[in-house]
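*Asks:* Predicted structure and sequence below. I'll ask about it afterward.
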Amino acid sequence: MTDTEPSPAVRETAESIATMEIRGAATIASAAAEALADQAAAAAEADATASDPEAFRASMRAAARTLRETRPTAVSLPNALRYVLQRMEGDSVDRLRRSIVDASESFVDQLDRAQEDLGQVGANRLADGDTVMTHCHSTDALACIEAAVEQGKSISAVVKETRPRQQGHITTEALREMGVPVTLIVDSAARRYLDEVDHVVVGADSIAADGGVINKIGTSGLAVNARERGVPIMTAAQTIKLHPETLTGHTVEIEMRSEEEVIEPGTRDAIGDITVENPAFDVTPPRYMDAIVTEHGQFPPESIVTLMRELFGEGAAEPWAEP
Ligand SMILES: O=P(O)(O)OC[C@H]1O[C@H](OP(=O)(O)O)[C@H](O)[C@@H]1O
């Protein structure tokens, strides 16, 4: 390993995030924090960085950049890297390593606790006998349903399959394990089934300062339809999903994924010269979202900026940048 080369564990995590073997905003965040702890252990042993605190710090920044470049939309990833790198301190490699490992562990603990806490808040919005509709697979959204079930409420679910990667099937399996009866539908059947549901519960990859919710493609159309049918929609999002750069006017980059997720493999030539586009996320304007449920309670989307300022100040540091 040279002084700035990421460890094999970091490269492997980065590759798994890019290929979506590791996916879901919260899961990506904890994997990234754990990869930084692996990098710290590897750098504390490598010839080039074991006895040089500055080289150690440079290797941590390089590892964070490698992880940062994997997927652009879920802000939980840079927020995780920020959390860990901002707590890197010490004048020896051993102290630096310890600070990274401690920060990584406390980040993952906080993430788990936040999900449990927001689950309680989301569950309070659900009533015994409710049917919920879900989109994609969100561990934050599932935490609300699970907490409602644990409160003794009987909940059933209509699950959208979520083209093109069909994460709805992961949701189906998780709900089945909770004992929640599930009806799986194709995405285009959502409006028809909205007449049979009491709530829509989705997750988020990022939340903007204006209350816009960036989530799996199809969320915004679902939200507009839910409003038209009079069905409340909430987004379950721990505060790691709040996007600090939007406080200063930046927009959130929407990931464009490969056309191979949309067309059948080997059919490109037969399809001919057409453009296939595959945006992974969309933005639901705040006026179509009823509530953002976080570990600090529920918020109308328009007021989330207050919580963002409290947690992030006026903007976002980039501790992975070269000094
Ligand atoms: O953090 P949790 O709630 O688990 O997931 C949040 C969001 O992450 C997913 O994105 P992808 O499948 O990684 O593209 C979905 O859009 C989901 O709503």
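*Replies:* Yep, that arrived. Numbers count the residues shown, from 1 in each chain.
*Asks:* so what's the closest residue to the ligand within the stretch 151-300 of the chain up against?
*Replies:* Distance from the ligand to each residue of the stretch 151-300 of the chain (C-beta to the nearest ligand atom) is smallest for G203, at 3.0 Å. (Each C-beta comes from the backbone N, C-alpha and C, glycine too.) Shown in contact with G203 (C-beta atoms under 8 Å, 6 or more residues apart in numbering): 24-25, 136-141, 215-216, 235-237.
*Asks:* try it again with 10 Å
*Replies:* 24-26, 134-144, 213, 215-216, 219, 235-238, 241 (C-beta atoms under 10 Å, 6 or more residues apart in numbering).
*Asks:* how far does the worst-scoring helix or strand of the chain on mean pLDDT sit from the chain's center?
*Replies:* Lowest mean confidence among the helices and strands of the chain (mean pLDDT, DSSP states H and E): helix 268-271, at a mean of 91. Chain-centre distance of helix 268-271: 34 Å, with C-alpha atoms, centre = their mean, to the nearest Å.
*Asks:* go on, stretch 24-37?
*Replies:* 10 Å.
*Asks:* What of stretch 81-98?
*Replies:* 24 Å.
*Asks:* Also stretch 234-243?
*Replies:* 8 Å.
*Asks:* Over to stretch 246-266?
*Replies:* With C-alpha atoms, centre = their mean, you get 14 Å for stretch 246-266.
*Asks:* can you pull the buried residues of it?
*Replies:* For stretch 246-266, the neighbour count (16 or more other C-beta atoms under 10 Å) marks T246, L247, V252, I254, E255, R257, I263 as buried.
*Asks:* That stretch and the ligand in contact?
*Replies:* No. Contact between stretch 246-266 and the ligand is absent, the nearest approach being 7.6 Å (criterion: C-beta under 6 Å from any ligand atom).
*Asks:* So that it lines up with my notes, have the first residue be 59 from now on.
*Replies:* Renumbered: residue one is now 59, and that last one reads stretch 304-324.
*Asks:* tell me the mean pLDDT over that stretch?
*Replies:* Stretch 304-324 shows an average pLDDT of 95 in the prediction.
*Asks:* Only the buried residues of the strand or helix carrying E286, if you could.
*Replies:* For E286, the host element (DSSP states H and E) is helix 277-287. By neighbour count with 16+ other C-beta under 10 Å, helix 277-287 contains the buried residues T277, S278, G279, L280, A281, V282, N283, A284, R285.
*Asks:* ok, V334 touching E322?
*Replies:* No. Using C-beta atoms under 10 Å, V334 makes no contact with E322, being 11.4 Å away.
*Asks:* need the strands for the stretch 209-358 of the chain, in chain order.
*Replies:* For the stretch 209-358 of the chain, strands defined by DSSP state E, counting those that start in this stretch occupy the ranges 214-218, 240-243, 257-260, 264-265, 271-274, 291-294, 339-342, 349-352, 355-357.
*Asks:* Just checking: what are the partner strands of the first one?
*Replies:* It stands for strand 214-218. Note on strand 214-218: by DSSP bridges, its sheet partners are strand 189-192 (parallel), strand 240-243 (parallel).
*Asks:* quick one: which of those strands is nearest T229?
*Replies:* Taking C-beta to C-beta, strand 189-192 is the member of the strands paired with strand 214-218 nearest to T229, at 5.4 Å.
*Asks:* Whether that closest one contacts the ligand - can you check?
*Replies:* No. Shown here: strand 189-192 not in contact with the ligand (C-beta under 6 Å from any ligand atom), separated by at least 9.1 Å.
*Asks:* and if you look at stretch 270-277?
*Replies:* Yes. Interface with the ligand: stretch 270-277 contributes N273, K274 (C-beta under 6 Å from any ligand atom).
*Asks:* So for that stretch, mean pLDDT?
*Replies:* 98.
*Asks:* Would you mind listing what in the chain touches the ligand?
*Replies:* Contact residues (C-beta under 6 Å from any ligand atom) of the chain with the ligand: 81-85, 194, 196-198, 225, 261, 263, 273-274, 338.
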